[in-house]
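Novice: Quick one, fold the following:
(one chain, ligands or ions: 2)
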Amino acid sequence: QSRAKTPEDIRNAKGGAPLVSLTAYTTPMAQMMDDHVDFVLVGDSVGMVLHGLESTLGVTMEMMILHGQAVARGLKTAMMVVDMPFGSYEETKEQAFRNAARILRETGAPAVKLEGGVDMAETIRFLTARGVPVMAHIGLTPQSIHTLGGYKVQGRGAAAGKLMADARAVAEAGAFAVVLEKVPQGLADAVTAQLKIPTIGIGASAGCDGQILVVDDMLGLFTAFKPKFVKRYGTLGEDGEAAIAAYAAEVRARQFPGPEHVFSDVERSA
Ligand code: KIV
Ligand code: NA
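Specialist: Numbers count the residues shown, from 1 in each chain. Ligands and ions are numbered 1, 2, ... in the order given. From the prediction side, this is the model:
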């Protein structure tokens, strides 16, 4: 009998077998991955992947909670983490706690993720001291796209020191793990060696303590663009369009529905 994994299980996985993670936004996706991943992130990428937004800035608390509730219904053993959306935690640590508490209460998730390093350390400390486990996210933080000036690699050259300082600050503040997004390989390895908490890479290094991908990216279901760090393990977008085209053709040819899909006018025995 397996029990649901906890933030402490994730923290304690440091140095062991690599942690496996994907995003999910719906019950069936969550069910599909529950047996195969250690934790599932209800990412604010939901805004771009499922709702067609241009960036993650338009994602709301209501969207995160609705998708969090759907994912929770599909999980038995994998742990769930829910992203705090833009504008729900940056103002004050009290605002962050209020919204994090709402996410935990309304979705049943045992943890939240938020973006930011040194600047968010005080907030991470405040939340963890009050019963909210926090996964941090540093490097490329998509909610700061307008101040970062684009989706570019973070921490190259002279910027390496700041990235390392961000990593140390979130670990010291009590985060149980940290996502490293779009960070050069050697720096990601150095951060992984420095920290006592697991690093979860996305466009970082195979040497990280774990890896995460956006599930629609790796299934080939989201095809608007493909970052370099995405590997497509499936072609569900193409497969889906081919299936829809086949259905349309059969309807137009009166080949669907077939005899096996319709009902006789008299009730048949057995
Ligand atoms: O929202 C998201 O999907 C994420 C992952 C890419 C880490 O934050
Ligand atoms: Na996110």
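
Novice: what packs against the helix or strand hosting residue 167?
Specialist: Using DSSP states H and E, residue 167 sits in helix 160-172. In terms of contacts (3 or more Cβ pairs under 8 Å, 6 or more residues apart in numbering; DSSP states H and E), helix 160-172 is packed against helix 121-129, strand 134-139, strand 177-181, helix 185-194. Yep, even glycine has a C-beta here, placed from its N, CA and C like the rest.

Novice: Mean pLDDT and mean neighbour count for these - can I get that in a markdown table?
Specialist: A markdown table is the format used below for the helices and strands packed on helix 160-172 (pLDDT from 0 to 100; neighbours: other Cβ atoms under 10 Å):
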| stretch | mean pLDDT | mean neighbour count |
| --- | --- | --- |
| helix 121-129 | 99 | 20 |
| strand 134-139 | 98 | 29 |
| strand 177-181 | 98 | 28 |
| helix 185-194 | 98 | 19 |
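
Novice: orientation of the helix holding residue 167 relative to helix 121-129 in degrees?
Specialist: Using axes from the mean of the first three to the mean of the last three Cα atoms, to 10 degrees, the inter-axis angle of helix 160-172 relative to helix 121-129 is 20 degrees.

Novice: Enumerate the helices of the stretch 151-270 of the chain by residue range, in sequence order.
Specialist: 160-172, 185-194, 215-218, 236-252 (DSSP state H, counting those that start in this stretch).

Novice: How about residue 229, nearest residue that isn't a chain neighbour?
Specialist: Spatial nearest neighbour of residue 229, chain neighbours left out: residue 203 (3.1 Å); criterion: Cβ to Cβ, 6 or more residues apart in numbering.

Novice: Would you confirm that that neighbour contacts residue 183?
Specialist: Yes. With contact defined as Cβ atoms under 8 Å, residue 203 and residue 183 form a contacting pair (7.3 Å).

Novice: Tally up the residues packed near the closest residue to ligand 1 within the stretch 1-150 of the chain, please.
Specialist: Proximity of the stretch 1-150 of the chain to ligand 1 (Cβ to the nearest ligand atom) peaks at residue 43, 2.4 Å away. Residues lying near residue 43 (other Cβ atoms under 10 Å) number 27.

Novice: tell me the pLDDT at the nearest residue to it once chain neighbours are set aside?
Specialist: Leaving aside its chain neighbours, residue 43 sits nearest to residue 23 (4.2 Å; criterion: Cβ to Cβ, 6+ apart). pLDDT, residue 23: 98.

Novice: What residues does the stretch 51-200 of the chain have near ligand 1?
Specialist: Within the stretch 51-200 of the chain, the positions near ligand 1 by Cβ under 6 Å from any ligand atom are 83, 137, 179.

Novice: Go again with 8 Å.
Specialist: 56, 83, 113, 115, 137, 142, 179, 181, 200 (Cβ under 8 Å from any ligand atom).

Novice: who's the second one bridged to?
Specialist: Listed by DSSP bridges, the beta-bridge partners for residue 83 are residue 113.

Novice: Looking at it now. What's its pLDDT?
Specialist: 99.

Novice: which residues touch the residue in the stretch 151-270 of the chain positioned nearest to ligand 2?
Specialist: Here the stretch 151-270 of the chain gets closest to ligand 2 at one residue, residue 179, 8.1 Å apart by Cβ to the ion. Neighbour list for residue 179: 113, 135, 136, 137, 138, 139, 199, 200, 201, 202, 212 [criterion: Cβ atoms under 8 Å, 6 or more residues apart in numbering].
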